[in-house]
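Peer 1: Predicted coordinates and the sequence they were generated for:
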Amino acid sequence: MQTTTATEAMKENIAFYDGEEADIAVIGAGHAGIEAALACARMGLRTFLFTINLDAVANLPCNPSIGGTGKGHLVFEIDALGGEMGRVADITSLQSRTLNLGKGPAVHSKRLQIDRSAYHARMKSVLERQENLTLQQGEIVDIRTDECGKVCAVVTRLGAVHRVKAAIVCTGTYLRGRVITGDCAYPSGPDGMLASIPLTDSLIRLGIRLMRFKTGTPPRIHRSSIDYSRLERQDGEECVVPFSYKNAPEDINAMSQYPCYIAYTNEKTHAIIRENLHRSPLYSGKIEGTGPRYCPSIEDKVVRFSDKSRHQLFVETVSLDSEEIYLQGFSSSLPADVQLRMLHSIEGFENARIMRFAYAIEYDCADPMQLAPTLEFKEIPGLYGAGQFNGTSGYEEAAAQGLIAGINAALKIKGEAPLVLTRDSSYIGTLIDDIVTKGTREPYRMMTSRSEYRLLLRQDNAAFRLMEEGLRVGLVSEQRYAQLNEYCELIEKELKRVKSVTVPPSEAVNRILVERGTTPIATGVKLSELLKRPQIDYEAMREIDSGYLSLPPTVKTEAEIRLKYDGYINRQLDDARRLREMEGRLLPDDIDYSQIMGLRLEARQKLNAVRPRNLGQASRISGVSPADISVLLVWLKLNPDEKAQ
């Protein structure tokens, strides 16, 4: 075991002592750490979950919401695999909305506004009551490895040395965190929490390449200082579908339709921002980290979209236990006095009082190309990364990675096959494949456009796609899986029925069709053909179909989508089959690509750096051409005895 002190940044003369042993240590109790720790514990592994401050467990420092475009898909997938985020989000929601309903079902994305205090309290309670899991306030300052380079212990600031078989780093934005508002900059985690400073040095000693990223958050406003009569009211949807299969609609928080409001910036706001750009850390060079492309600060939006006369802002309640109001879209790192002037220029906020000023935060994260698809570091056995530590942004991306890292750490210790999700199976698989294969030079955000199989990866069918994997690893019960199979049987029976039943033309049927905006029928038509019409849904079928069955909403939705998009779905299934063929051609772990004749120099360098598991992953590496893949195919045929480990 390494005998060096925890870190050069830790100058205290601390006496080390033996702490409790565990199978797995999870570092950080944000959304990644929570899913990782719960997965490990529920799979029977003795798990420690460390956090700098217990009051920051499951914190929502950026915005009080779960889901959104692309992100909602991740939450449904997390739930299908047996994760916790969706269940607690449902219970603590303040408003539910499904985004992109004007588009096709592939991009429909659920978003919940969350009661921040309730979410923290509920999730902390889940952790505290979980068997095999110890939640502890303690800062990890060092990760130790044995003589073989494998993780063997983690060390707390107080000197406890906990022997472990694996460690999962889920540090969020705490790692050497630095908060910046105007000219004021100081070491800090989000919301005034302590930053994690010493751990960076430990990771560097382990040989991990780090990057510097940045994110930010808007000011929090006192509720009573806002004139709501001058804002646009935005109500939630009437029919609420839970994120979690564990929750019935009646289990969702009774306040799930709490109203939100919309405000707008104006030319005066923009003028104030332009006049003070020289005081912005973004433009003065004070901020070094790379910020998120798809969630820019208000000053960045004003500069980049100078033709826009206003920008939309969402006024959302942080918690029913608090008077704080969140102003989504108003993220900034401008000085406090400028923030006040900007805020007071907005209609309805002329007398608004700021409770927490906006800030930017810089933090260290790892280059994710050092990770295998299991999220284990390739060169450090037993060390895993998840969440913003891997260069991603967002609670949902973090939770998804935490779940996969936790599952794989547990499976490795148990001597079982890892869980590696493919691009055609899930957005989680797409996310992980993107970051470990292509890397990222800015905080990575999941969007539906990132998937080439998005019609297959709808949020409504996440359980059908992934629950079997959740069952395999032990996070989904046999009872729930049996219920899913019952739904599958109902869907197949309903599809068979509507394809076999013919509707004869009649005055009543044609009246309904015309009322729905579609053409009447002159001859008998199969129910399935009527359902393929965009204007006809299952509600219309109730009036047309004499044998209409009362089916669960999940069954009706799935059957209808399969019929309406049958041709498109089959095309994507064909593409997915071709991908699986490529993914099935495994590449040896110890192959030296520099020795393969015919590969271009860039391809050799990139392949040696990424070490792809198969031809499919190799084909997605930037700088590897189709010609290079052809060379690898020939090499595999000429070297049939070379086997992947």
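Peer 2: Right, received. Where do you want to start? Keep in mind the model is a prediction, meaning the values are calculated, not measured.
Peer 1: Longest helix in the chain, please.
Peer 2: If each helix of the chain is counted by residues according to DSSP state H, the longest one is helix 478-500.
Peer 1: so what does the helix or strand just after that one touch, helix or strand wise?
Peer 2: Next helix or strand after helix 478-500 toward the C-terminus (DSSP states H and E): strand 502-503. Under the contact definition 3 or more Cβ pairs under 8 Å, 6 or more residues apart in numbering; DSSP states H and E, strand 502-503 sits against strand 525-526, helix 527-531. Where you see a C-beta, it was placed from the backbone N, CA and C, and this is true even at glycine.
Peer 1: ok, M582 - contacts?
Peer 2: For M582, the residues meeting the contact criterion (Cβ atoms under 8 Å, 6 or more residues apart in numbering) are 614-616, 619.
Peer 1: try 10 Å this time
Peer 2: Contacts for M582 (Cβ atoms under 10 Å, 6 or more residues apart in numbering) come out as 614-620, 629, 633.
Peer 1: got it, and L101?
Peer 2: Contact partners of L101, counting by Cβ under 10 Å, 6+ apart, are 107-109, 237.
Peer 1: Report how many residues lie close to R620.
Peer 2: By the measure other Cβ atoms under 10 Å, the count of residues near R620 is 16.
Peer 1: actually G172, not the one I wrote
Peer 2: G172: 29 surrounding residues under other Cβ under 10 Å.
Peer 1: got it, and G415?
Peer 2: Neighbours of G415 under the rule other Cβ under 10 Å: 6.
Peer 1: Would you quantify the distance from it to Y294?
Peer 2: Distance of G415 to Y294, computed by Cβ to Cβ, to the nearest Å: 40 Å.
Peer 1: quick one on the thing from earlier: closest to E84 out of the contacts of M582?
Peer 2: Among those, Q617 lies closest to E84 (Cβ to Cβ), at 29.4 Å.
Peer 1: now the strands for the stretch 351-500 of the chain?
Peer 2: For the stretch 351-500 of the chain, the strands defined by DSSP state E, counting those that start in this stretch occupy 354-356, 359-366, 383-385.
Peer 1: The helices and strands packed on strand 502-503: which one's closest to I221?
Peer 2: Relative to I221, the nearest member of the helices and strands packed on strand 502-503 by Cβ to Cβ is helix 527-531, separated by 47.9 Å.
Peer 1: after the closest one comes which helix or strand?
Peer 2: Next along from helix 527-531, by DSSP H and E: helix 538-544.
Peer 1: How far does that following helix sit from its chain's centre?
Peer 2: A distance of 37 Å separates the C-alpha centroid of helix 538-544 from that of its chain, computed with Cα atoms, centre = their mean, to the nearest Å.
Peer 1: before we move on, what about stretch 48-55?
Peer 2: 21 Å.
Peer 1: Just the CA atoms of that stretch, as CSV, please.
Peer 2: Extracted C-alpha coordinates of stretch 48-55, given in CSV (Å, rounded to 0.1, in the frame of the first residue of the first chain):
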residue,chain,number,x,y,z
PHE,A,48,-19.5,3.4,2.3
LEU,A,49,-20.9,6.7,0.9
PHE,A,50,-18.8,9.7,1.9
THR,A,51,-19.9,13.3,1.5
ILE,A,52,-18.3,16.6,2.6
ASN,A,53,-21.6,17.6,4.2
LEU,A,54,-24.7,15.6,5.0
ASP,A,55,-26.8,18.7,4.3
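Peer 1: Can you get me a residue count around E543?
Peer 2: Applying other Cβ under 10 Å, I find that E543 has 14 neighbouring residues.
Peer 1: so what's the nearest residue to G44 once chain neighbours are set aside scoring on pLDDT?
Peer 2: Leaving aside its sequence neighbours, G44 sits nearest to N132 (Cβ to Cβ, 6 or more residues apart in numbering; 6.5 Å). According to the prediction, N132 has pLDDT 98.
Peer 1: Name all residues that make contact with N132.
Peer 2: Shown in contact with N132 (Cβ under 10 Å, 6+ apart): 22-24, 37-38, 40-47.
Peer 1: and which of those is nearest C184?
Peer 2: For the contacts of N132, the minimum distance to C184 (Cβ to Cβ) is 34.7 Å, reached by A37.
Peer 1: Pull the contacting residues for the most centrally placed residue in the chain.
Peer 2: Nearest residue to the geometric centre of the chain (Cα atoms, centre = their mean): E397, 1.8 Å. By Cβ under 10 Å, 6+ apart, the residues touching E397 are 31-32, 70-71, 74, 386-388, 390-391, 427-428, 431-432, 435, 443-446.
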